[in-house]
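**Student:** build me a model:
(chains A and B)
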Number of protein chains: 2
Amino acid sequence: MVGVTLTRDAEQRKADAVQKLAEGGDAWVATASASGEPCLVPLSFAFLDGRVVLVTARNNRTARNIAENGQARLGLGSTRDVVLLEGPAEILTLGQLGEDQAARYTAQTGWDPRPDESLVWIVFSPLRVHIWREVDELEDRTIMQDGRWLV
Amino acid sequence: MVGVTLTRDAEQRKADAVQKLAEGGDAWVATASASGEPCLVPLSFAFLDGRVVLVTARNNRTARNIAENGQARLGLGSTRDVVLLEGPAEILTLGQLGEDQAARYTAQTGWDPRPDESLVWIVFSPLRVHIWREVDELEDRTIMQDGRWLV
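**Tutor:** Modelled structure (predicted):
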């Protein structure tokens, strides 16, 4: 937006995205109801074995939407340094995620959701990833397609 | 998450949100297709006479989703300083927005979309606004309801 920006090549964008995923933090999570009502919330995530793992309340709209149609979109980073992930998601009860992954989620986020039975896991599998900062990076922003990195 | 955070009262949250809206910048915009597919993109906005005005390409999914079901959710700020807006949205062709508002959009965002006929306006009317930073502010996060500030 300001100053000199260098257009990153695809390899650099993938490296930056992989780092953002590995660092964890929060994602903007968009889902949709069957009637076409969008839902948007920020949730903490950990990236575990190629999947993005998040937690939410079993009864909220995000969980209900995913249970209904199995789709989510995740936005990481700022609006000027975007990693946007498209793909299927599923809801797992707290006991359904492997003990090892649950422990790593807790270690990464600093929060153990398992004592609270009102919560569920969201397990998101990126199929398509778009990575861009500014207009100059928009055209070639798709760096993962069909679950495979293009570089 | 870190350090000491002070739980803001409703008045302070409204003031902070009004300032964020007035400053403009980018919003995460979530929409949904009729088949329940979510869509998420960042777009630049200006806050004009109580409505959030954005621009996108007429043929992309955000514009098509809004044209179909008239709904959007907007996330402003970081994931730890959230202003989340729910409400109806409509698509206007470039000539349909008033000249005065179009000029103010251009002044605020530093970008005049009007020469590009592939673009359309999104005009979003906030009905419900949630404002929070951390867990301590989650419970009373609804500061606008039915289009009216609650404080």
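
**Student:** thought residue A:83 was touching residue A:47?
**Tutor:** No. Judged on CB atoms under 8 Å, residue A:83 makes no contact with residue A:47 at a distance of 11.0 Å. All C-beta spots, glycine's among them, are computed from the backbone N, C-alpha and C.

**Student:** which neighbours do those two have in common?
**Tutor:** In terms of CB atoms under 8 Å, 6 or more residues apart in numbering or on different chains, residue A:83 and residue A:47 are both contacted by the residues residue A:21.

**Student:** who is residue A:130 paired with across the strands?
**Tutor:** Taking DSSP bridges as the rule, residue A:130 bridges to residue A:84, residue A:142.

**Student:** got the residues of chain A near chain B?
**Tutor:** Within chain A, the positions adjacent to chain B are A:25-28, A:30-34, A:36-42, A:65, A:68-69, A:71-75, A:78-80, A:82, A:84 by CB under 8 Å from any CB of the partner chain.

**Student:** which of the residues you listed fall in strands?
**Tutor:** Secondary structure defined by DSSP state E assigns A:25-28, A:30-32, A:38-42, A:71-75, A:82, A:84 of these to strands.

**Student:** give me the number of residues near residue A:82?
**Tutor:** When neighbours are counted by other CB atoms under 10 Å in any protein chain shown, residue A:82 registers 24.

**Student:** that one and residue A:135 touch, don't they?
**Tutor:** No. If you go by CB under 8 Å, residue A:82 and residue A:135 don't touch, sitting 12.0 Å apart.

**Student:** who does residue A:38 form a beta bridge with?
**Tutor:** Going by DSSP bridges, residue A:38 forms beta bridges with residue A:32.

**Student:** do the same with the one 10 residues further on
**Tutor:** Beta bridges link residue A:48 to residue A:51 when assigned by DSSP bridges.

**Student:** chain B versus that one, what's the distance?
**Tutor:** Separation of residue A:48 from chain B (CB to the nearest CB, to the nearest Å) stands at 19 Å.

**Student:** buried residues, the top helix by length along chain A. List them.
**Tutor:** Secondary structure of chain A per DSSP state H: the longest helix is helix A:10-23. Buried positions in helix A:10-23, judged by neighbour count with 16 or more other CB atoms under 10 Å in any protein chain shown: A:10, A:13-14, A:16-17, A:20-21.

**Student:** quick check, nearest of those to chain B?
**Tutor:** Nearest to chain B among the buried residues of helix A:10-23 is residue A:20, at 12.9 Å by CB to the nearest CB.

**Student:** the closest one is in contact with residue A:78, isn't it?
**Tutor:** No. Residue A:20 is not in contact with residue A:78 according to CB under 8 Å; the separation is 10.6 Å.

**Student:** so who does the residue most central in space within chain A touch?
**Tutor:** By CA atoms, centre = their mean, chain A has its centre lying nearest to residue A:74, at 4.1 Å. By CB under 8 Å, 6+ apart, the contact list for residue A:74 reads A:27-30, A:45, A:52, A:84-85, A:124, A:126, B:40.

**Student:** which of those residues count as buried?
**Tutor:** For the contacts of residue A:74, a burial check counting by 16+ other CB under 10 Å picks out A:27-30, A:45, A:52, A:84-85, A:124, A:126, B:40.

**Student:** so, low pLDDT: which residues of chain A?
**Tutor:** Scanning chain A for pLDDT under 70 picks out the ranges A:1-5.

**Student:** ok, for residue A:118, nearest residue in space, not its chain neighbours?
**Tutor:** Nearest residue to residue A:118 in three dimensions, chain neighbours excluded: residue A:57, at 5.5 Å (CB to CB, 6 or more residues apart in numbering or on different chains).

**Student:** okay, that neighbour and residue A:94: tell me how far apart.
**Tutor:** Residue A:57 is 12 Å from residue A:94, where distance means CB to CB, to the nearest Å.

**Student:** shared neighbours, those two?
**Tutor:** A:119-120.

**Student:** looking at those two, which has the bigger crowd around it?
**Tutor:** The neighbour comparison of residue A:57 against residue A:94 (other CB under 10 Å) goes to residue A:94, with 17 against 13.
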